[in-house]
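**Student:** The sequence and its predicted three-dimensional model are supplied below.
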Amino acid sequence: MLGTVRAMRSREGAEPRRVVCPGSYDPATNGHLDIIERAAKLFDEVIVAVLVNPNKKGLFSIEERVDILHEITAELPTVRVDSWQGLLVDYCRQHGVVAIAKGLRSVSDFDYELQMAQMNRELSGVETLLMPNNPAYGFVSSSLVKEIAQYGGDVKNLVPDVVFQRLSAKFPQRG
């Protein structure tokens, strides 16, 4: 593994190796940030792509999610944030992305992500890196975070501070 990291980092003069970390990020969680940070150690550039699904109404607008992700990745110089509507493989082609990095929380995540990885490779040749989540975040999902926050539960340890602040503004504590 270390040899692979060195090989990826020591390609002077070569096009930077880009990976995309796609998701809805509604909201971004500590599990998301863990995958982004780990991908940043493996690739020259990480693109955090907020995928736009016009059929879904999110808690946060696309602009808010992009803004939040800019804040939580500000200390990661090789990370940039973007948004995209359409096929992820088209985004990869247009931006010179060689791989997709996704986190896995469970076996059911693996079943779904493996099928997507195989389809993306068939469509475009782009590889997918399936990374097991840190066990500390294996139970964390954006959906659960939103539901807990909506009912006044404490999600402070599940999300970055900026996300906690934004959730607190959306769901003021009931007293």
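**Tutor:** Sure thing, it's come through.
**Student:** just checking, next helix/strand downstream of the lowest-mean-pLDDT helix or strand in the chain?
**Tutor:** Every helix and strand of the chain was ranked by mean pLDDT, DSSP states H and E. The lowest is helix 2-9, at a mean of 46. Next helix or strand after helix 2-9 toward the C-terminus (DSSP states H and E): strand 18-23.
**Student:** List of residues touching that following strand?
**Tutor:** 32, 35-36, 39, 42-51, 84, 88, 91-92, 95-102, 129 (C-beta atoms under 8 Å, 6 or more residues apart in numbering). For the C-beta atoms, the positions are set from N, CA and C on the backbone; glycine is no exception.
**Student:** do that again at 6 Å, thanks
**Tutor:** Applying C-beta atoms under 6 Å, 6 or more residues apart in numbering, the external contacts of strand 18-23 come out as 36, 39, 43, 45-49, 51, 88, 96-97, 99-101.
**Student:** Equivalent analysis for stretch 41-59, please.
**Tutor:** Contact with stretch 41-59 is made by 5, 16-22, 25-26, 36, 39-40, 62, 65-66, 69, 78-85, 146, as judged by C-beta under 6 Å, 6+ apart.
**Student:** Filter these down to the buried ones and hand me the PyMOL line.
**Tutor:** Here is the PyMOL command that selects the buried residues among the contacts of stretch 41-59 (16 or more other C-beta atoms under 10 Å):
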select buried, resi 17+18+19+20+21+22+25+26+36+39+40+62+65+66+69+78+79+80+81+83+84+146
